[in-house]
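1. just to be clear, the model below is a prediction. Sequence and coordinates:
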Amino acid sequence: MRAGGAGVGVLVLALVLGGCLPGGPEPRPGPDETATATGTVLPPSPVPVPAPPAGEPMDEPEEPVTGAQVPVWDETSRAQARQVAGDAVRAWARPDLPAPRWFDELSVFLTPTAQRDYQWLQPGAILAREVTGEPAVADEPSVYLARVDVPTDAGTVQVLLSRQDGPTPWLVERVVPPEGQG
């Protein structure tokens with residue numbers, strides 16, 4: 001009987017020592033520890049993590065996040081939106097230009113997202129060649145967005161504009177050709 005008990009003791013000792021030798025299994029971090037990319041186990045951070053706020057989510061912050069002036073809808077803002085939309089359509093409605101020059105002249109009116117979208121457009125596919133009337137603000141869904149209709153020789157082009165805050169200029173998000181020309 002003793003031989004069997006000694007054998008179990010040797011086996012337990014071998015398993016314990018085997019876990020301490022190089023090449024053995026890596027220890028797993030416990031619930032209060034964090035493993036790094038190198039396998040080093042770190043103790044929990046002493047900095048407490050705040051709990052998420054309870055209650056209803058806020059619709060909009062009361063203060064602007066950027067600290068910049070909040071835009072307003074007034075006649076000056078509408079005039080700026082009409083001007084940018086008209087100028088953008090004048091730059092857009094030039095199908096005879098080589099694509100690189102067309103894009104360079106249009107891109108000054110575009111948001112970064114619109115620049116990525118319009119860089120591949122071929123101006124030869126555009127039917128409009130000129131603005132034929134005064135741009136008109138058609139929709140004011142918020143102080144940050146506007147839709148301006150611009151009459152052209154191919155029909156009315158819709159220009160979707162956005163702005164970041166009060167002092168930043170309107171920029172074109174999208175130029176929507178007349179229906180059936182898109």
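-> Arrived safely. The structure presented is a predicted model; accordingly, all values stated were derived computationally and were not measured. Residues are numbered from 1 along each chain as shown.
2. got any ranges where the protein has weak pLDDT?
-> For the chain, applying pLDDT under 70 flags the ranges 1-66, 180-182.
3. just the helices in it please.
-> Ranges of helices within the chain are 2-18, 75-92, 99-107, 112-118, based on DSSP state H.
4. so what touches the longest one?
-> Right, the one you point to is helix 75-92. With C-beta atoms under 8 Å, 6 or more residues apart in numbering as the test, helix 75-92 has contacts from 71, 102, 105-106, 108-110, 126, 128, 130-131, 134-137, 143, 146, 148, 150, 152, 157, 159, 161, 169-172, 175. (C-beta placed from N, C-alpha, C; glycine too.)
5. again, only this time at 6 Å
-> With C-beta atoms under 6 Å, 6 or more residues apart in numbering as the test, helix 75-92 has contacts from 105-106, 109, 131, 135, 137, 146, 148, 150, 157, 159, 161, 170, 172, 175.
6. what angle separates that helix from helix 99-107?
-> 180 degrees (axes from the mean of the first three to the mean of the last three C-alpha atoms, to 10 degrees).
7. surely Met158 meets Val176?
-> That one is not Met; residue 158 is Gln. Yes - applying C-beta atoms under 6 Å as the test, Gln158 and Val176 come out as touching, 4.1 Å apart.
8. with neighbour numbers in mind, choose between those two.
-> More crowded of Gln158 and Val176, by other C-beta atoms under 10 Å: Gln158, with 18 against 14.
9. partner residues bridging that one?
-> Beta bridges link Gln158 to Asp149, Val176, judged by DSSP bridges.
10. quick one: it from Val70, how far?
-> Counting by C-beta to C-beta, to the nearest Å, the gap from Gln158 to Val70 is 26 Å.
11. then Ile126?
-> Using C-beta to C-beta, we find Ile126 at a distance of 36 Å from Val70.
12. same question for Asp117.
-> Asp117 is 28 Å from Val70, where distance means C-beta to C-beta.
13. cool, and Trp102?
-> Taken as C-beta to C-beta, the span from Trp102 to Val70 is 35 Å.
14. of the two, who's got more company?
-> When Trp102 and Val70 are compared for neighbours, Trp102 comes out ahead with 21 against 11, by other C-beta under 10 Å.
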